[in-house]
Structure formats: C-alpha cells, structure tokens
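**Student:** Okay, here's the prediction I keep looking at, along with the sequence it came from:
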Amino acid sequence: MKRRYLGLLIGLVLCGAGLAGWIYQIINGLAITDMNNLFSWGLYMGTFEFFIGVSSGGMLLFSLAYLFRVDSLKPYAKLGAFTAFGSVVAAGVAIMTDLGQPFRVMQMLITPNVASPLFWDVIVLGVYAIICLVAVILVIKDGKNEQAFAAKARKLSWVAFPFVFIMNAVTTLMFAVQNSREWWHSAILPADSMTVGVNLGLSFMLLVCAITVPANSFERDRAGFQLMARIAAGALLVHFAFTALELSTLAWNGSEESKHLLDLVFGTYGTLSLFEMLLPFLAMLALMAKGRGKTWYGVSGLLVVVGMFIHRMMLLLPAFNSIGLTIPVPGAEPELWSFPISSGFFEEGQDVFIRFWDYAPTPLELCVNLLPFGVVIAVVALSKILFTGNKGSQAAK
C-alpha cells in the first residue's frame, strides 16, 4: 500500500472503532460513561468545543489567503478548507454522541426554543458547516484552475471570515449565559473563545502542514508557516491576558464560592491547570522564533493543540464540581456548605447523593471519542490524496 494512503487508513480504522463504540452506547445508554446528574458534560462536550476551535484555523487560513490576498498562505488554503470541513463535522459528531440518542436532535428542529442558546448554537454550527462544505466543493471543482478558484474563494470568504468569530462566540454563549455556574458566567468567555479559535486553529494547521508538506515545498513556502506562527502566537498572548483577567476577578471577589472554585482550579485540578498554561506558553515562545524548520513549527503546534484540549476539559471540570447551591452554617468551616445532588445511581455501594464527582472518561467513552478524531484524519488524508501533484496545492502533497 502506498504511503500516502496510510493516513486515510488510520482515519478509517479510528472511525470504525468509534462507530462500534457509539452503537454500543446507543444500545446501552449513557450509563457506559462516567457522567451523571452532577457531572452531565464530559469528554464528548470537551471534544465538541475543541473541534470548534480547530475548524476555525482552516477557514481562517482560507479567508486570509483569498479575501485579504495573502499570497504566502495560498499554498495551504485548499488544505485548510478540507481541515475546516472535517473538523466541523467532527464537532457535530461529538455533540451527537453526547445526546445519547442522536435522533433527539430532531426535537430541537421540530419544536425549537429560540430563547435557548443551544438552539442558536445548532443554527450557527449548521451554517458554518455549509460554508465549509461550499469551500471544499470549490476546491474539488476549480482547485486546478487557480484564477477561477481565487475569484470564487474571495466571494465565499466575505461570509466565511466573520463567521469564524461568530461561531466561536455563539457556541460559547451556551456556557456563558448560565449564571448558576460561576466558572462560565462571564462576558470574557465568548471573547476568549475567539482567541482560542485563532491560536488553536492555526496551530493545528501548522501541525497538519508540518506532517503533509514535503521538505522542498516548505523551503519554497516558508513564509506561510511564519505568518501562521506569528498570528497564533499573538492570539495566545491575548488568551493569556483574558485568563489573567478572569482569575484576578475571581480572586478579588473573595467570596467563599470563588475561593472554592479557585481551590478546584489550582488545587484539585492543579496539574491540569499547569499543563493547560505551560504547554501553550512554551509554544508561544517557540512560535515567535524565526528561521526554524517545519518540525519546529509542527512540535510547537502540537504543544498548543494538547494544551488547548486540556483547556477545553478544564472548562468543564471545575464548573461541575463547584456547586452554586449552598447553605450557610454559622461556626462551621467553611461557613457555606454545598447542597448534595442526586447522582442518579441506585446501586449497592454507590452514593445516591454527592457534592463532588471525580470524573474520568471510561474506556468505552474513549473508544466512542475516537470517531470525531478519525473523521478529521480521514478528511485531511483524503485531501492529500486528491491534490497530490496539483500545482498550487503544495500543502496537500
């Protein structure tokens, strides 16, 4: 088997394993996961938010190349379109697995609740998926005719470019409008989500391009790597600033609830918090360096991707274990006690009421979650196969 088919084979194997796990979950229910009444969103929702950010990079690359006529990015724009489409499909798959029964999404379409941020989340995600699909169709149809493709791509980019930021902001509003969750209820969260979309998305593109671009093409089109790296590093700097503002606000508050939340972030989940910040910070410094090879950019991109995946999971872990419903107990330490919540389990040896859940994905949960990752790998590998040997599509060789 030719080497260029290896990525497609890996993607299809992951899709097959994930699909088998998903079918098992549909039959047996979400009880196969480590989620419960207290901790209702876990690995699937974290993966959904992760791939929302990942999809931003490909479409941002596509739009910058043709809307703003950034020639150094054009060799990677077509690969960006495929990556964006594969990632948004992966995000949709992740949210479907989180529903338990996928046909429940029909209820949202049949009886929509326009007051719910989840409804607008689905609408925006659907529109963005269509935009990405149109970009892929343009690449397949006109990709070999650069002049015709550039004219159509520029028209599409007028819509695609602002939608990258709209999608990231709107999908995060699903969290930010929930005032019962102090970790989420902040105007900074949607703004920060846009910066994460830029730094994560472009870092993912750096990783993909580092893997797929031949050495001779990299030397010829190094300027595109450098520009992606600078933009990603700048977005990381803004992300760190937003994070510092958010944590400073919580610390300044000084309430028992805020102290408990900060203890969760830096105590209970301190190791994850460390890697969430350290890996992207090191990557930011590396991305600012000049004259580096494609391996350097690829490893830097990988550090951001891993760090931002942890960041997406850290969006959930402290939020669910910081219970907002409390009762004052004068003289007790601490004075505010959280009300226990039903776990949903009624089995021997299992607590019926809990105030904390040490969530960790089960093996079957991990298996199901292979599906969205397999989708992205398969789509990117397919684009590489389709455009091998296509002049002007060096990044897909």
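**Tutor:** Looks like it arrived, so ask away.
**Student:** count of neighbours near residue 265?
**Tutor:** For residue 265, the neighbour count with other Cβ atoms under 10 Å is 20. (Glycine included, C-beta is placed from N, CA and C.)
**Student:** how close does the closest residue to it other than its chain neighbours get to residue 76?
**Tutor:** Once flanking residues are discounted, residue 265 sits nearest to residue 318: 5.2 Å by Cβ to Cβ, 6 or more residues apart in numbering. Distance of residue 318 to residue 76, computed by Cβ to Cβ, to the nearest Å: 36 Å.
**Student:** quick one, which of those two is more surrounded?
**Tutor:** Shown here are residue 318 and residue 76; by other Cβ under 10 Å, residue 76 has more neighbours (30 against 23).
**Student:** where does residue 327 fall, helix, sheet strand or coil?
**Tutor:** Following DSSP: H, G, I helix; E, B strand; the rest coil, we place residue 327 in the strand state.
**Student:** circling back: give the contact list for the residue nearest to residue 265.
**Tutor:** 183, 261, 264-265, 268-269 (Cβ atoms under 8 Å, 6 or more residues apart in numbering).
**Student:** Where in this protein is the helix or strand with the lowest mean pLDDT?
**Tutor:** Among the helices and strands of the chain, strand 336-338 carries the lowest confidence by mean pLDDT, DSSP states H and E, at a mean of 69.
**Student:** The helix or strand following it pairs with which strands, parallel or anti?
**Tutor:** Once the chain leaves strand 336-338, the next helix or strand it forms, by DSSP states H and E, is strand 341-342. Sheet pairing of strand 341-342 (DSSP bridges) gives strand 353-354 (antiparallel).
**Student:** on that earlier part again, tabulate the contacts of residue 318 (JSON lines), appending secondary structure, pLDDT and distance to residue 54.
**Tutor:** JSON lines is the format used below for the contacts of residue 318 (DSSP: H, G, I helix; E, B strand; the rest coil; pLDDT from 0 to 100; distance: Cβ to Cβ, whole Å):
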{"residue": "183", "secondary structure": "coil", "pLDDT": "92", "distance to residue 54": "23"}
{"residue": "261", "secondary structure": "helix", "pLDDT": "91", "distance to residue 54": "28"}
{"residue": "264", "secondary structure": "helix", "pLDDT": "94", "distance to residue 54": "27"}
{"residue": "265", "secondary structure": "helix", "pLDDT": "95", "distance to residue 54": "24"}
{"residue": "268", "secondary structure": "helix", "pLDDT": "94", "distance to residue 54": "27"}
{"residue": "269", "secondary structure": "coil", "pLDDT": "96", "distance to residue 54": "23"}
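**Student:** Determine which two of those residues are furthest apart.
**Tutor:** Spanning the widest gap among those are 183 and 268, at 12.7 Å by Cβ to Cβ.
**Student:** More neighbours: which of these two?
**Tutor:** Under the criterion of other Cβ under 10 Å, the comparison of residue 183 against residue 268 puts residue 183 first, with 24 against 15.
**Student:** Settle this for me: that one is touching residue 321, isn't it.
**Tutor:** No. Using Cβ atoms under 8 Å, residue 183 makes no contact with residue 321, being 9.5 Å away.
**Student:** how about the helices in the stretch 51-200 of the chain?
**Tutor:** 74-98, 105-110, 117-142, 146-176, 188-212 (DSSP state H, counting those that start in this stretch).
**Student:** buried set for the first one?
**Tutor:** Counting neighbours by 16 or more other Cβ atoms under 10 Å, one finds that the buried residues in helix 74-98 are 74-98.
**Student:** how much does it deviate in direction from helix 188-212?
**Tutor:** 120 degrees (axes from the mean of the first three to the mean of the last three Cα atoms, to 10 degrees).
**Student:** distance between helix 74-98 and the chain's centre?
**Tutor:** 10 Å (Cα atoms, centre = their mean, to the nearest Å).
**Student:** what packs against that helix?
**Tutor:** helix 43-66, helix 117-142, helix 188-212, helix 222-253, helix 370-386 (3 or more Cβ pairs under 8 Å, 6 or more residues apart in numbering; DSSP states H and E).
**Student:** Let's have these in CSV, adding mean pLDDT and distance to residue 150.
**Tutor:** What follows is the helices and strands packed on helix 74-98, written out as CSV (pLDDT from 0 to 100; distance: least, Cβ to Cβ, whole Å):
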stretch, mean pLDDT, distance to residue 150
helix 43-66, 95, 6
helix 117-142, 90, 9
helix 188-212, 95, 19
helix 222-253, 94, 16
helix 370-386, 92, 18
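**Student:** Determine which stretch of those is the most buried.
**Tutor:** Of those, the one with the most neighbours on average (mean count of other Cβ atoms under 10 Å) is helix 43-66, at a mean of 27.
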